[in-house]
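**Q** Quick one, what's the 3D model for this:
(chains A and B)
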Amino acid sequence: MQVLFKTCYEDDIRFLAKTGEKVRVGLVIAALLAAPLWLQNYYLAELGLLLVYAIAGIGLMILTGYTGQVSFGHAAFLGIGAYCHSILISHGVPFSVSVILTTAFSAAIGMALGRSASRMHGFYLAIATLAFLILVETLLGEWTSMTGGYAGLKVPALVVFGMPLKAVWQQYYLDLFFVLIVVMAAANLFRTSTGRSFLAVRDSELSARSLGVNVEWVKIQSFGVSAAITGLAGVLLAHHLHYLSPEVFNVLESLKLMLMIVVGGLGSILGAIFGAILISLLPISISFLKDVLPPGIGQQAGLEPLLFGLIIVLFIVFEPLGIYGRWMKLRYFFETFPYCRKSSFVRQKSYLRTERLR
Amino acid sequence: MLPVNDIIHLAVTGLAQGCAYGLIALGFVLIYKATEVVNFAHGEFMMLGAFAVLAYSEAMGGSFWPAFVLGCLSIGVVGYLLDAQIMRRIIGQSSASIFILTVAFGFIFRSAAGMIWGWKTLTLSTPFGGTVTIAEGLTISSGRIAIIVATIILCSVLYLFFSKTRYGIAMQAASQNQLAAYYMGIPVKRLVSVTWAIGATIAAAAGALLAPVTQVDTTIGFLGIKALAGAIVGGFGSIPGALLGCLLIGIIEPFADYYFPAIKGVSAYVVMLLVLFVRPEGLISQTFQKKV
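**A** Alright, predicted model coming up:
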C-alpha cells in the first residue's frame, strides 16, 4: 500500500494522487487515442457509442449518485439534446454554436424541472421525472411540424468548423474529446464547494441545511449540470443514430441509464464508465447466449429484458456498490495483501430511516 | 356539449377505471407504509394475477370463482416470498437502488409471463361478460360494475382488518415505528411480508376483475404506473387519499381523452404533474417536512 507523503501544496489538489492511478489512467487514455489504429470500423463505432453513453452516465451520476435525486426521466434529456441539436443544425446553425445552445437549453429545462422537483423527496421525484419523460416523448411525437413526429427526423451530416467529419475515426475522436472534457469537469466539480454541497445533500438534507447549504438551490444546480451533460450526450448520440424517432427515448432507455450507474457503482465517475462498458457488452453477450442456450429458451422473445432485470437484481442484492465497489475491494485485497478479512466490508445492520415524523 | 347519457357513461367508465387504479394503489400504499419501499412492480402483480386466474380457470374447465381465489392467493404467495427472500435484504440501501430493484422485478415478471403464457392477447371468460341497461340508451358492461362493487367490499374488509383485528393493529404499529414494535414483541419481519402478500393479492384481484375490460396480456402491468400517479395525486401517505386520487384520475381520464385527443393516454401524468407543482405532498398529505 502506497503511503502518500505530501511535500507541496500541489499534492493536495492533484486529480490523481497515487502513481498507480496515474499509470492506469495514462494507459487507458493512450489506448483510447490509439484505438483507430487497431480497431475495425464496426468496433470503433461501438466504442464511440460507449463513450457517448459514458457521458450520459456521468450526467445521471451527478444527479443520482452524487446528489441522491433519483431520476427515471433522463432519457428525456438525451431526446431534448438530440432533437434540439438536429433542428438547430438543419436550420444552418454551425455545430459549435449548436452544441453550446443545446447544452444551455437542456440545462435550462433541467433547472426548471429541478425547481419544481426541489420540494419533492424520494419517490415523488422518481415518479415526477418518469411522468416528465412520458410527456416529452408524447410531445416529440405530436409536435409534427418541428420534430417530424413518429415518422422520424433525419440528422444532418456532421460538420465541425466547416470540416465535414465523415469517417468513423473522425467522429470517434470527437466523442473522445467530449468524454475527456466531461470527465475532467465532473472530477473538478467535486473539489469545489458546489460539488461538495451536492454530496452533503445526498448524505443528509437535514445536516446540510444545518450547515447553511441552500438545499433547494443545490438541487436546482444539480439538475441543471446533470441535464446539460446528458443533453451533450444527446447531441453526440444524434450523430450516431442518424435518424431520430421519439420511441428511442422511452422508459427503457432511461432504465438503461439507471442500470448503467447502479451496476457500475453509485457515487463514482469510474462507476458510470464501468456501467457504459457493461451496457455495450450486454447485447453482444446476449446474442452469444442465444446461440448457446437450447432453442426452447434461447429463442424466446423476452430473454433480453429478463436478463437485464436479473443482472440488476443480482447486483443490488449481492454487490450494492456495483462493479466499482468490487474493484475497490479487489484493490484493497492486493494493497494490504495478507490482512484482508471477510469482515473488512461487512455492512452495518440498518433499520428504516424514516422521512415520516409520526 | 355531450348528451347527458354520454356524460354518465363516461363518468361510470371512469369511476370503474378509477376503482381499478385504486385497488392497485391500495397495495402500493400498504407496502409503502409498512416498509417505505415503493413497489414499481405492483402493476406486474396485477398482470400475473390475471394470467394466474386464466391458467387456473382453464385447468379447471372454465369455472371462474375457484380459479379467482386460487389465482389471487398464489400471487399473494409470490408477494410474500419476494419480500421474505429479497426485499428484506436491501432495507437501508439508498432509495435509488430500491426503486431500480423493483423496476427490474417488473421487467422479470413481464418477461417470465410472456415466456410462460405467450405474448398474444388472451381472453378470460368471467361471469360479468354481459351488459346492464340502466336507462333508455344507457348500457354499461357489468364487468365495470363488478369492479366498483369489489372495490367497496375489499376496502371495507381491509378497513375492518386494520382497525379491529389484533394482526391489523400490530401491522399499524410496525409501520409507525419498527424499532418500538420490535420491543413490544411484534414479529415485524413476518408482518411486513404479510403486508406484501396482501398488497399482491389485492392487485391480482384487480387484474382478474379488469380482465373483461382490458383483456389479458403482458402490457397491462403499465396500468400500475397510472395507479401510482393517482396515489400521488391523492397523497401517498394515506389510504383514503390514495383512493380518492385514483378515482379522480380515473374520472378525469375519459373526459380528457374526449376533449384533448392530442394527449390521449397521458392525461393522468399531466394531472399528476400539475398537482405536484401546486402541492408537492399530494392533496391529502400525511408527511411533514423536517425542519431545523
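**Q** A:Val136 looks like it's in a strand, true?
**A** No. Counting by DSSP: H, G, I helix; E, B strand; the rest coil, A:Val136 falls outside a strand, being helix.
**Q** which ones are touching it?
**A** A:Gly73, A:Ala76, A:Gly79, A:Ile80, A:Phe249 (C-beta atoms under 8 Å, 6 or more residues apart in numbering or on different chains). Heads up, the C-betas are built off the backbone N, CA and C, glycines and all.
**Q** Tell me, how many residues neighbour A:Phe345?
**A** 12 (other C-beta atoms under 10 Å in any protein chain shown).
**Q** So it sits against A:Arg326, correct?
**A** No. Look at A:Phe345 against A:Arg326 with C-beta atoms under 8 Å: they stay out of range, at 10.3 Å.
**Q** so what's the backbone phi/psi at the closest residue to chain A within the stretch 151-292 of chain B?
**A** Proximity of the stretch 151-292 of chain B to chain A (C-beta to the nearest C-beta) peaks at B:Tyr269, 3.7 Å away. The phi/psi pair for B:Tyr269 (degrees, to the nearest 10) reads phi -70, psi -40.
**Q** And the closest residue in space to it that isn't next to it in sequence, what's its pLDDT?
**A** The spatial neighbour of B:Tyr269 that comes closest, neighbours along the chain excluded (C-beta to C-beta, 6 or more residues apart in numbering or on different chains), is A:Ala131 at 3.7 Å. In the predicted model, A:Ala131 carries a pLDDT score of 85.
**Q** Repeat that for the one 10 residues further on.
**A** Taken from the predicted model, the pLDDT recorded for A:Gly141 is 83.
**Q** Could you measure from it over to chain B?
**A** 10 Å (C-beta to the nearest C-beta, to the nearest Å).
**Q** And for A:His242?
**A** Applying C-beta to the nearest C-beta to A:His242 and chain B gives a distance of 28 Å.
**Q** follow-up on the earlier one: could you tell me which of the contacts of A:Val136 count as buried?
**A** Buried subset of those (neighbour count, 16 or more other C-beta atoms under 10 Å in any protein chain shown): A:Gly73, A:Ala76, A:Gly79, A:Ile80, A:Phe249.
**Q** Return the member of those residues nearest to chain B.
**A** The nearest one, if we look at the buried ones among the contacts of A:Val136 relative to chain B and count by C-beta to the nearest C-beta, is A:Gly73, at 10.8 Å.
**Q** What sits closest to A:Glu142 if chain neighbours are left out?
**A** Of all residues not flanking A:Glu142 in the chain, B:Ala262 sits nearest, at 5.5 Å (C-beta to C-beta, 6+ apart).
**Q** Spatially central residue for chain A, please.
**A** Central residue of chain A (C-alpha atoms, centre = their mean): A:Gly57, 0.6 Å from the mean position.
**Q** ok, that one - contacts?
**A** A:Gly57 neighbours (C-beta under 8 Å, 6+ apart): A:Leu257, A:Met260, A:Ile261, A:Gly264, A:Ala272, A:Ile273, A:Gly275, A:Ala276.
**Q** Output those residues as a markdown table; include the columns distance to A:Trp169, neighbour count and pLDDT.
**A** Shown next, in a markdown table, are the contacts of A:Gly57 (distance: C-beta to C-beta, whole Å; neighbours: other C-beta atoms under 10 Å in any protein chain shown; pLDDT from 0 to 100):
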| residue | distance to A:Trp169 | neighbour count | pLDDT |
| --- | --- | --- | --- |
| A:Leu257 | 27 | 29 | 88 |
| A:Met260 | 25 | 27 | 87 |
| A:Ile261 | 29 | 31 | 87 |
| A:Gly264 | 27 | 30 | 87 |
| A:Ala272 | 24 | 29 | 90 |
| A:Ile273 | 21 | 26 | 90 |
| A:Gly275 | 25 | 30 | 90 |
| A:Ala276 | 20 | 25 | 90 |
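**Q** of all those, which comes closest to chain B?
**A** Out of these, the member with the shortest distance to chain B (by C-beta to the nearest C-beta) is A:Ile261, at 8.5 Å.
**Q** which residues touch that closest one?
**A** A:Gly57, A:Leu60, A:Met61, A:Thr64, A:Gly65, A:Gly271, A:Ala272, A:Gly275.
**Q** what's the weakest-modelled helix or strand in chain A?
**A** With mean pLDDT, DSSP states H and E as the measure, the helix or strand of chain A carrying the lowest mean pLDDT is helix A:295-298 (a mean of 62).
**Q** So which bits of the helix or strand just after that helix are buried?
**A** Sequence-wise, the next helix or strand downstream of helix A:295-298 (DSSP states H and E) is helix A:303-318. Going by neighbour count (16+ other C-beta under 10 Å), the buried part of helix A:303-318 is A:303-309, A:311-313, A:315-317.
**Q** next helix or strand past helix A:303-318?
**A** Past helix A:303-318, the next helix or strand by DSSP H and E is helix A:322-335.
**Q** show me where pLDDT drops low in the stretch 101-250 of chain B?
**A** B:129-130, B:134-137 (pLDDT under 70).
**Q** How about B:Phe45: what's its closest non-neighbour residue?
**A** That would be B:Ala203: by C-beta to C-beta, 6+ apart, it lies 4.0 Å from B:Phe45.
**Q** where exactly do the strands run in chain B?
**A** B:131-135, B:138-141 (DSSP state E).
**Q** Walk me through which strands the last one pairs with, and which way each runs.
**A** Paired neighbours of strand B:138-141 in the sheet (DSSP bridges): strand B:131-135 (antiparallel).
**Q** interface residues of the stretch 101-250 of chain B facing chain A?
**A** Neighbours of chain A within the stretch 101-250 of chain B, by C-beta under 8 Å from any C-beta of the partner chain: B:101, B:103-108, B:110-112, B:114-115, B:119, B:176, B:178-179, B:218, B:225, B:228-229, B:232, B:236-237.
**Q** Going through those residues, which ones are buried?
**A** Judged by 16+ other C-beta under 10 Å, buried ones among these: B:101, B:103-108, B:110-112, B:114-115, B:178, B:218, B:225, B:228-229, B:232, B:236-237.
**Q** In helices only, show me those residues.
**A** B:101, B:103-108, B:110-112, B:114-115, B:178, B:225, B:228-229, B:232 (DSSP state H).
**Q** wait, which of the contacts of A:Val136 is closest to B:Val38?
**A** When the contacts of A:Val136 are compared for distance to B:Val38 (C-beta to C-beta), A:Gly73 wins out at 15.8 Å.
**Q** quick one: contacts for that closest one?
**A** Counting by C-beta under 8 Å, 6+ apart, A:Gly73 has contacts A:Thr129, A:Leu130, A:Ala131, A:Phe132, A:Leu133, A:Val136, A:Ser254.
**Q** Show me the two of the residues you listed that sit farthest apart.
**A** A:Ala131 and A:Ser254 (11.9 Å).
**Q** does A:Ile323 really touch A:Val262, like I thought?
**A** No. Judged on C-beta under 8 Å, A:Ile323 makes no contact with A:Val262 at a distance of 10.1 Å.
**Q** With neighbour numbers in mind, choose between these two.
**A** Between A:Ile323 and A:Val262, counted using other C-beta under 10 Å, A:Val262 has the larger neighbour count: 27 against 20.
**Q** A:Glu319 versus the more buried one, what's the distance?
**A** 10 Å (C-beta to C-beta, to the nearest Å).
**Q** what's the answer for A:Ala82, then?
**A** 33 Å.
**Q** check contacts around B:Phe107.
**A** Taking C-beta under 8 Å, 6+ apart, one finds A:Leu255, A:Pro305, A:Leu306, A:Phe308, A:Gly309 in contact with B:Phe107.
**Q** And for the third one, nearest residue in space, chain neighbours not counted?
**A** By that I understand A:Leu306. In space, A:Leu306 is closest to B:Ser111, 3.7 Å off (C-beta to C-beta, 6+ apart).
**Q** Run a quick neighbour tally on A:Lys342.
**A** When neighbours are counted by other C-beta under 10 Å, A:Lys342 registers 6.
**Q** Actually, A:Val182.
**A** The number of residues packed near A:Val182 is 23, by other C-beta under 10 Å.
**Q** Since that was my last question, I'll sign off now.
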